[in-house]
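> give the three-dimensional model of this entry:
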Amino acid sequence: MHAVQPRAKLFYGWFVVAAAFVVTFIGFGSAYTFSSFVESLQRDFGASRGSVSLVFSFAGFLYFGLGVISGPLADRWGARRLAALGMALVGLGLLLASQAQTIIEVYAAYSIGIGAGVGVAYVPTLGAVQRWFVRRRGFASGLAVSGIGVGTLVMPPLATWLIASLGWRDAYLVLGILAALAGIGSSLLIADDPRRYGTGPDGDPLNAVSSAPVRHGVSIGDAVRTPRFAGLYAACLISAFGVFVPFVHLVPFAVDHQVTPALAVLLLGMIGVGSTAGRFFLGSIADRVGRDTFLTAMYAGMAASLAIWAVAGGFWSLTVFALLFGVFYGGWVAILPAVVTDHFGGRNVGGIIGILYTSVAFGTLLGPSAAGFAYDVSHSYFIPVAISAAANLVAAVIAVATTRTASPIASMA
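Down below sits the predicted model:
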């Protein structure tokens, strides 16, 4: 008789990836539901559309800016606690919005509750995923952050349906309860160290990785003083000034070019479709071609797609731009945490990613508003869009130069 082979256990790292997917789905999906509530809020509170952009700018700054605090805290206290706290804040922000009596209270609940909630949960969750993988780090990271794209596609239509069925207050109430239950529940699956589950990264046996501790890596202070980090930070900062311009200005650009408002809104959905595809499928390609090379290609791809936007006019040419831009943007978001872990190790990855993401926070805060001021002066989007394309081309050049600097983690081997 043949001996019965024991069934191999499913590697727990994939549960961490699934949890991260839900956290990003709930967090960013809840954030992007705001557009579904604008009409109701305008009707009940007399809010202007111009004030809405301030909500997105402030919330976006918190998404990425708070990582400088939540990342190091997660390295010390564990990502599970920070992710659960962040999801609780998202749920609380939605619940408070349902009880608001003024538009200012809605903005405060949304910006501070959801913005801070995502800011507390996002970087710790991504940092946890990085520690569970080495060979397939790009693929795993891509799957984790694809929750952002899927949440952008699913949550706003769900909010619209709830508003039509229940009214905007009860819609916020239902979304708040769902966000808290699903977000906190999934956060409890997050774990930082595969060794506690009897395995090494990628599911390798412990005896095969005993000489490479999972949390091995450079300190935060040493990391931020390296040329490698300086190059990554500069590329992210310059790129981010242009990356978030489409999320604010693509719809008004399309309307200015005789695209109906209903079709113009669909263009944001096309960015979501492309972004989801980029996050799902490009991470595994990055693992094969090299994640540094892949990051450079994402900057170049965003530059090329933004150049298409600069000369586009009709709905179909803008659709091509939106899909292409979404793919490269999604690939950029997916691979960046993996590149950080490749070069600085896993010991302080949350804190290092958090500091790096302050560059993205400043880009989110300043880029779209600067584009708006440029439009006010020139009455055209050509200059801000062209500058956005040029910024990402410069970021690609910086990324190439950065690959020629020494990798800090390699010097420790």
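
> flag the shaky bits of the protein, pLDDT-wise.
Within the chain, the ranges that satisfy pLDDT under 70 run 1-8, 35, 38, 47-56, 207-216, 410-413.

> return stretch 171-186 as CSV; C-alpha atoms alone will do.
Output of stretch 171-186 as CSV, limited to C-alpha atoms (Å, rounded to 0.1, in the frame of the first residue of the first chain):
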residue,chain,number,x,y,z
ALA,A,171,-27.2,55.0,3.2
TYR,A,172,-24.3,56.4,5.3
LEU,A,173,-25.6,54.4,8.3
VAL,A,174,-25.6,51.1,6.4
LEU,A,175,-22.2,51.8,4.8
GLY,A,176,-20.8,52.7,8.2
ILE,A,177,-22.0,49.4,9.7
LEU,A,178,-20.8,47.3,6.7
ALA,A,179,-17.4,49.1,6.7
ALA,A,180,-16.8,48.5,10.5
LEU,A,181,-17.9,44.9,10.4
ALA,A,182,-16.1,43.9,7.3
GLY,A,183,-13.0,46.1,7.8
ILE,A,184,-12.4,45.2,11.5
GLY,A,185,-13.2,41.5,10.8
SER,A,186,-10.7,41.3,7.9
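
> which parts of that stretch are buried?
Residues of stretch 171-186 classed as buried: 171-176, 178-180, 182-184, 186 (neighbour count, 16 or more other C-beta atoms under 10 Å). Placement of C-beta: from N, CA and C, glycine included.

> and the next element down the chain from the one helix or strand residue 357 maps to?
Residue 357 is located in helix 349-378, with elements delineated by DSSP states H and E. For helix 349-378, the following helix or strand on the C-terminal side (DSSP H and E) is helix 382-402.

> for that next one, packing partners?
Packing partners of helix 382-402 (3 or more C-beta pairs under 8 Å, 6 or more residues apart in numbering; DSSP states H and E): helix 227-243, helix 245-256, helix 291-311, helix 349-378.

> how about TSV for those helices, with distance to residue 334 added?
Formatted as TSV, the helices and strands packed on helix 382-402 follow (distance: least, C-beta to C-beta, whole Å):
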stretch	distance to residue 334
helix 227-243	14
helix 245-256	17
helix 291-311	9
helix 349-378	13
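
> out of these, which comes closest to residue 42?
helix 245-256 (16.1 Å; C-beta to C-beta).

> go through the closest one and flag the buried ones.
245, 246, 247, 248, 249, 250, 251, 253, 254.

> grab the nearest non-local neighbour of the fourth one.
If I follow you right, that is residue 248. residue 368 (3.9 Å; C-beta to C-beta, 6 or more residues apart in numbering).

> mind checking how far the one you found is from residue 397?
Here residue 368 is placed at a distance of 24 Å from residue 397 (C-beta to C-beta, to the nearest Å).

> what about these two, which has more around it?
Ranked by neighbour count (other C-beta atoms under 10 Å), residue 368 and residue 397 place residue 368 first, with 24 against 16.

> that one reaches residue 243, doesn't it?
No: using C-beta atoms under 8 Å, residue 368 makes no contact with residue 243, being 9.8 Å away.

> coming back round to it: need the max-distance pair from the buried residues of stretch 171-186.
171 and 186 (21.9 Å).

> can I see the domain layout of this protein?
9-211, 216-413 (automatic domain parsing).

> how distant is the last one from the center of its chain?
Taking C-alpha atoms, centre = their mean, to the nearest Å, one finds the center of domain 216-413 at 10 Å from the center of the full chain.

> one more: the first one?
Between the mean C-alpha location of domain 9-211 and the chain-wide mean there is a distance of 10 Å, by C-alpha atoms, centre = their mean.

> how about stretch 284-302: buried residues?
In stretch 284-302, counting by 16+ other C-beta under 10 Å, buried: 285-287, 291-292, 294-302.

> list just the nearest of those residues to residue 260.
residue 302 (27.0 Å).

> re earlier: spatially, which two of the buried residues of stretch 284-302 are the most separated?
Pairwise distances across these (C-beta to C-beta) peak at 20.6 Å, for the pair 287 and 302.

> show me the contact partners of stretch 242-258.
53, 56, 60, 261, 263-265, 267-268, 271, 302, 306, 309, 313-315, 318, 322, 325, 329, 332, 363-364, 367-368, 371-372, 375, 381, 384-385, 387-392 (C-beta atoms under 8 Å, 6 or more residues apart in numbering).

> any of those buried? List them.
Buried residues within these, counting neighbours by 16+ other C-beta under 10 Å: 56, 60, 264-265, 267-268, 271, 302, 306, 309, 315, 318, 322, 325, 329, 332, 363-364, 367-368, 371-372, 375, 381, 384-385, 387-392.

> circling back to that earlier point, can you put the buried residues of stretch 284-302 in CSV and add distance to residue 355?
Formatted as CSV, those follow (distance: C-beta to C-beta, whole Å):
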residue, distance to residue 355
285, 28
286, 22
287, 25
291, 19
292, 19
294, 22
295, 18
296, 21
297, 24
298, 21
299, 20
300, 25
301, 26
302, 22
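
> which one, of the helices and strands packed on helix 382-402, ends up nearest to residue 81?
The nearest among the helices and strands packed on helix 382-402, by C-beta to C-beta, is helix 349-378 at 12.0 Å.

> name the residues of that closest one that come out as buried.
349-368, 370-372, 374-375.

> stretch 221-236 too?
Those would be 223, 224, 226, 228, 229, 231, 232, 233, 234, 235, 236, for stretch 221-236 by 16+ other C-beta under 10 Å.

> out of these, flag the one nearest to residue 113.
residue 236 (26.3 Å).

> which residue packs closest to residue 345, ignoring adjacent ones?
residue 217 (2.0 Å).

> from residue 172, how far off is that neighbour?
Taken as C-beta to C-beta, the span from residue 217 to residue 172 is 41 Å.

> kindly report the same for residue 60.
20 Å.

> over to residue 268?
Where residue 172 is concerned, residue 268 sits at a distance of 21 Å (C-beta to C-beta).

> what's the answer for residue 357, then?
Counting by C-beta to C-beta, the gap from residue 357 to residue 172 is 28 Å.

> equivalent analysis for residue 10, please.
37 Å.

> same thing with residue 314?
Following C-beta to C-beta, the distance that separates residue 314 from residue 172 is 37 Å.
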